[in-house]
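>>> Curious how this folds, go ahead:
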Amino acid sequence: MPARILMTIWRVLHTRQFQKPNAAELSDFGCFIVLAIGVITLQMTDISLIYHIIRGQGIIKLYVVYNVLEIFDKLCQSFGEDVLQVLFNSAEGLSNCSPDNMIFQLMRFILDEAIAIIAFVVHSFILLAQAITLSTCIIGCNNALLALLVSNNFSEVKSNVFKRVSKENLHSLVYYDIIERFHITTYVLFVLSQNILEAEGPWFESFAIDVLQVYLCETFIDTIKHSFLAKFNEIKPSAYSEFLEDLCKQTLNEKPDERRKDLTFIPLAPASVVIRVLTPVYAILLPYGPLPWRLFWIIFWSSLTYIMLAICKMLVGLSLRRLATWYINQRLESKQHVD
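Below you'll find the predicted structure:
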């Protein structure tokens, strides 16, 4: 009887035609592998050791370290776009290849996957080091945060104020500033998790003030930077309205023309850092007890987090689409009035 069952299963598997996954499924699988290996690698990192090494540096050295990491962050962003594009092309080639070319396309996909893993693991380490540096300045009691913000933003203004840029380059710079806000949010989540795990006494008020100081300082400096760039390069303020219109059309998935740029935000490296720093916070919520009971609570909190994130994504997506539609309609009405 068991032999007959095995023979039946073998015949079904043998006669059933294997269906290859499509390019989108292969691309999602490749991104999932990159994210999983990034989180596992960061889990093996001793944050306390890096924290004490950075904390032992002076304020000037902290400024240098943060600026160097910021430069490498921008390089990794640019390199990561190309790496993912190559990986997606390999996934498309693997999904559409003939059986004779399967081995070559599979090896190509595996090689591109390995390159993507290395690139985004390095980027995750850079973001984690930046988060630790900012956390060191926030926790320090010698106005290190203010000194870091002033020195870092002063160098940013100095390097951009009298710089010749075209309208397309300014468009890219605006998108880089948008991505920078998401990275700063990642750093803030890191500091928040460290305070939850290690802070003693009332800490939320000082934490909120420091976070507000960081966001206000970054917004103020970017306003000054873009004001000088627009004036020095004789770019009209209406150009920023065009940038926002392009971003709204991208949100609505309207077909862009050849000159329009897209905002490319790759969340793999920031997501690895966020998962790494929030894992110990979730570990506090797990009760002591037998392994099945702990597994139940792990599944419960994971499912609850997934549902909350899915709801937030839908709400944010609907809100952005509604705002994008409203803004595009406003732009069309203003253009009709001008005509």
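>>> residue nearest the centroid of this structure?
Central residue check for the chain by C-alpha atoms, centre = their mean: the C-alpha nearest the mean position is that of residue 267, 2.9 Å away.
>>> can you pull the contacts of the spatially closest residue to residue 94 that is not a sequence neighbour?
For residue 94, the nearest residue in space outside its immediate sequence neighbours is residue 105; the separation is 4.3 Å by C-beta to C-beta, 6 or more residues apart in numbering. For glycine as for every other residue, the C-beta is placed from the backbone atoms N, C-alpha and C. In this structure, residue 105 makes contact with 90, 93, 94, 97, judged by C-beta atoms under 8 Å, 6 or more residues apart in numbering.
>>> Kindly indicate which of these lies nearest residue 233.
Distance to residue 233 across the contacts of residue 105 (C-beta to C-beta) is lowest for residue 90, with 39.4 Å.
>>> The closest one: how many residues sit nearby?
Counted with other C-beta atoms under 10 Å, the neighbours of residue 90 add up to 24.
>>> for the one 4 residues further on, same thing?
Per other C-beta under 10 Å, the neighbour tally for residue 94 reads 23.
>>> dump the residue contacts of it.
Listed by C-beta under 8 Å, 6+ apart, the contact partners of residue 94 are 20, 23, 26, 102, 105, 106, 108, 109.
>>> sorry, back to before: find the pair from the contacts of residue 105 with maximum spatial separation.
Farthest pair in the contacts of residue 105 (C-beta to C-beta) is 90 and 97. Separation: 10.3 Å.
>>> Centre of the chain to stretch 238-245, how far?
Computed by C-alpha atoms, centre = their mean, to the nearest Å, the separation of stretch 238-245 from the middle of its chain amounts to 24 Å.
>>> Pull out the buried positions in it.
243, 245 (16 or more other C-beta atoms under 10 Å).
>>> hmm, back to that, CSV for the contacts of residue 94, including secondary structure, pLDDT and distance to residue 168?
Converted to CSV, the contacts of residue 94 look like this (DSSP: H, G, I helix; E, B strand; the rest coil; pLDDT from 0 to 100; distance: C-beta to C-beta, whole Å):
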residue, secondary structure, pLDDT, distance to residue 168
20, coil, 69, 39
23, helix, 80, 30
26, helix, 86, 33
102, helix, 80, 41
105, helix, 84, 35
106, helix, 85, 38
108, helix, 89, 33
109, helix, 88, 33
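>>> Just the CA trace of stretch 80-95, in PDB.
Written as PDB, here are the backbone C-alpha positions of stretch 80-95 (Å, rounded to 0.1, in the frame of the first residue of the first chain):
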ATOM      1  CA  GLY A  80      21.800  50.100  -4.900                       C
ATOM      2  CA  GLU A  81      19.500  51.400  -7.700                       C
ATOM      3  CA  ASP A  82      21.700  49.900 -10.300                       C
ATOM      4  CA  VAL A  83      22.200  46.600  -8.400                       C
ATOM      5  CA  LEU A  84      18.400  46.100  -8.000                       C
ATOM      6  CA  GLN A  85      17.800  47.000 -11.700                       C
ATOM      7  CA  VAL A  86      20.300  44.300 -12.700                       C
ATOM      8  CA  LEU A  87      18.700  41.800 -10.400                       C
ATOM      9  CA  PHE A  88      15.300  42.500 -11.800                       C
ATOM     10  CA  ASN A  89      16.600  42.100 -15.300                       C
ATOM     11  CA  SER A  90      18.100  38.800 -14.300                       C
ATOM     12  CA  ALA A  91      14.800  37.700 -12.900                       C
ATOM     13  CA  GLU A  92      13.000  38.700 -16.100                       C
ATOM     14  CA  GLY A  93      15.600  36.800 -18.100                       C
ATOM     15  CA  LEU A  94      15.200  33.700 -15.900                       C
ATOM     16  CA  SER A  95      11.400  33.700 -16.100                       C
END
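>>> what comes up buried for it?
Under the neighbour-count rule (16+ other C-beta under 10 Å), stretch 80-95 has 80, 83, 84, 87, 88, 90, 91, 92, 93, 94, 95 buried.
>>> Excluding residues flanking it in the chain, which one is nearest the fifth one?
The spatial neighbour of residue 88 that comes closest, neighbours along the chain excluded (C-beta to C-beta, 6+ apart), is residue 27 at 5.0 Å.
>>> name the element that neighbour belongs to?
helix 23-43 (DSSP states H and E).
>>> For the residue lying closest to residue 67 once chain neighbours are set aside, which residues are in contact?
Counting by C-beta to C-beta, 6+ apart, residue 152 is the residue found nearest to residue 67 once chain neighbours are left out, at 6.2 Å. Residues touching residue 152, when contacts are defined by C-beta under 8 Å, 6+ apart, comprise 63, 66, 67, 70.
>>> how does it look with 10 Å?
Residue 152 is in contact with 62, 63, 66, 67, 70, 217, 218, 221, counting by C-beta atoms under 10 Å, 6 or more residues apart in numbering.
>>> Looking at those, which two lie furthest apart in space?
Using C-beta to C-beta, these reach their maximum pairwise distance at 62 and 221, which is 18.0 Å.
>>> These two: which is more packed in?
A side-by-side neighbour count of residue 62 and residue 221, using other C-beta under 10 Å, places residue 62 first with 23 against 19.
>>> Does the more buried one touch residue 138 like I think?
No. The pair residue 62 and residue 138 does not pass the contact test of C-beta atoms under 10 Å, sitting 11.5 Å apart.
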